[in-house]
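Novice: Sequence first, predicted model second:
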Amino acid sequence: MRRLPYLNGIRAFDAAARCGSFAGAATELNVTAAAVSRMVRLLEQRLGVGLFQRGANKLTLTAAGKTFQGGLTPLLDALVVLTDQVKSFAGSRVLTIGVGPTFAVRWLIPRLAGFREIAPDVDVRITTGGVAAPFADDWTCGIKLGDGNWPGLTCERLFAADLIPVCAPRLAQQLKSPRHLKDTALLRVAHARADWPTWLKAAGISGITAKGPSFAFYGQALQAASDGLGVALGIRPYIDDDLKAGRLVTPFKVSVPKGSDWYLIFRDFRSEEPAFAAFRRWLNKMVRHS
């Protein structure tokens with residue numbers, strides 16, 4: 001027979017240890033601070049060791065408390081993941097997709113109507129977190145730029161991410177060769193400082209440094225380029241629709257691999273969820289026809 005510890009006390013201890021107070025834990029657990037204190041005290045009695053040093057308005061973990069919390073955290077995290085796995089068998093029709101804001105606006109959202117046509121009952125939720133956002137536990141899947149190495153996640157390559165200069169058609173008429181970039185504003189993306197040096201080196205151009213306005217996201221730089229502010233380095237597939245519509249043009253045909261690719265990433269247990277399975281099939285179809 002498995003003898004489990006006092007689970008209510010463990011919940012109270014975990015919350016109090018993370019919040020640093022019984023009051024904070026009480027708010028999280030929707031009980032009173034006195035109730036949290038009683039549960040932790042009972043847990044300490046059953047363990048035979050103190051877990052907190054109690055101050056006037058502060059809790060400090062004892063050595064035993066630190067050891068207990070350090071062991072509990074991965075166990076509780078694993079319980080959350082296991083619970084999500086079991087819940088997925090209920091046939092969830094909720095699809096939460098984690099993407100960067102530019103990918104969402106420039107590629108995914110303009111195509112979502114097509115997905116809605118084949119899966120109208122799926123509750124699609126788009127969440128954006130930027131280039132450095134980690135994969136969140138509540139995401140069904142994510143679409144991220146990288147090297148395909150996300151420990152604990154299944155990664156399926158979607159697109160290559162190639163760098164190519166783009167600008168408004170009127171500005172392109174003034175750019176007869178890449179050397180003319182020296183007198184042109186080169187629009188930059190703050191988190192992608194290596195893009196212009198990478199492209200200029202591959203194009204065999206020296207003596208030019210990107211000194212144009214800097215933007216937080218690729219989407220902002222591409223909008224500025226279409227408005228005639230300068231030349232941006234676009235990456236696929238951000239620029240595909242603008243190129244087709246003529247809002248942007250490529251003044252030079254030198255296309256350079258960025259050094260990373262686009263991947264669909266997800267936890268393996270999600271693969272059988274009906275909503276995700278439908279999205280995955282649709283996404284791969286869109287990629288093949290891009």
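Specialist: Now that the structure is in, tell me what you want to look at. What you see is a predicted model, and the numbers here were worked out from it, not measured in a lab.
Novice: tell me the domain ranges of this protein?
Specialist: The chain breaks down by automatic domain parsing into domains covering 7-88, 94-147+271-288, 161-260.
Novice: What segments of the protein are strands?
Specialist: For the chain, applying DSSP state E gives strands covering 52-54, 59-61, 94-99, 123-128, 141-146, 154-166, 186-189, 214-215, 231-235, 256-266.
Novice: any idea how far W199 is from K258?
Specialist: As for K258, its distance to W199 is 9 Å (criterion: C-beta to C-beta, to the nearest Å). No exception for glycine: its C-beta is placed from N, CA and C like everyone else's.
Novice: With neighbour numbers in mind, choose between the two.
Specialist: Neighbour count, other C-beta atoms under 10 Å: between K258 and W199, W199 has more, with 24 against 18.
Novice: residues touching that one, list them.
Specialist: 163-165, 233, 254, 256 (C-beta atoms under 8 Å, 6 or more residues apart in numbering).
Novice: Got the confidence number for it?
Specialist: With respect to pLDDT, W199 scores 92.
Novice: circling back to that earlier point, what touches both of K258 and W199?
Specialist: What both K258 and W199 touch, as defined by C-beta under 8 Å, 6+ apart, is the set L163.
Novice: nearest to T154, of the domains of the chain?
Specialist: domain 94-147+271-288 (7.3 Å; C-beta to C-beta).
Novice: what about the closest one, how long is it end to end?
Specialist: End-to-end span of domain 94-147+271-288 (C-alpha to C-alpha, to the nearest Å): 25 Å.
Novice: all helices of the stretch 1-150 of the chain, in order?
Specialist: Per DSSP state H, counting those that start in this stretch, the stretch 1-150 of the chain carries helices over the ranges 7-19, 22-29, 33-47, 63-88, 101-103, 109-118.
Novice: any low-confidence regions in the stretch 101-250 of the chain?
Specialist: The stretch 101-250 of the chain contains residues with pLDDT under 70 at 130-132.
Novice: let's see 90
Specialist: 101, 121, 128-139, 152, 174-183, 191, 202-212, 217, 236-237 (pLDDT under 90).
Novice: how about stretch 205-225: buried residues?
Specialist: Buried positions in stretch 205-225, judged by neighbour count with 16 or more other C-beta atoms under 10 Å: 205, 208, 210, 212, 215, 217-225.
Novice: what's the answer for stretch 239-253, then?
Specialist: Neighbour counts using 16+ other C-beta under 10 Å place 239, 242, 247-249, 251-252 of stretch 239-253 among the buried residues.
Novice: What of stretch 45-57?
Specialist: Residues of stretch 45-57 classed as buried: 50-52 (neighbour count, 16+ other C-beta under 10 Å).
Novice: ok, now stretch 227-241?
Specialist: 229-239.
Novice: Show me the beta-bridge partners of the closest residue to D138 other than its chain neighbours.
Specialist: What sits nearest to D138 in space, not counting adjacent residues and going by C-beta to C-beta, 6 or more residues apart in numbering, is T96, at 6.1 Å. With DSSP bridges as the criterion, T96 is bridged to R125.
Novice: I'd guessed T96 sits against V122; true?
Specialist: No. Using C-beta atoms under 8 Å, T96 makes no contact with V122, being 10.8 Å away.
Novice: can you tell me how far D242 sits from Q223?
Specialist: With C-beta to C-beta as the criterion, D242 and Q223 are 9 Å apart.
Novice: Could you find the closest non-adjacent residue to T73?
Specialist: Closest to T73 by C-beta to C-beta, 6+ apart is D14, at 7.9 Å.
Novice: what sits against L42?
Specialist: 6, 9.
Novice: From D240, how far out is it?
Specialist: Taking C-beta to C-beta, one finds L42 at 61 Å from D240.
Novice: what would the strands of the chain look like in a markdown table with distance to G9?
Specialist: Output for the strands of the chain, formatted as a markdown table (distance: least, C-beta to C-beta, whole Å):
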| stretch | distance to G9 |
| --- | --- |
| strand 52-54 | 12 |
| strand 59-61 | 15 |
| strand 94-99 | 33 |
| strand 123-128 | 34 |
| strand 141-146 | 36 |
| strand 154-166 | 37 |
| strand 186-189 | 50 |
| strand 214-215 | 51 |
| strand 231-235 | 52 |
| strand 256-266 | 35 |
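Novice: now, of those strands, which is deepest in the fold?
Specialist: Among the strands of the chain, ranked by average contacts under mean count of other C-beta atoms under 10 Å, first place goes to strand 231-235 (a mean of 27).
Novice: Thank you, goodbye.
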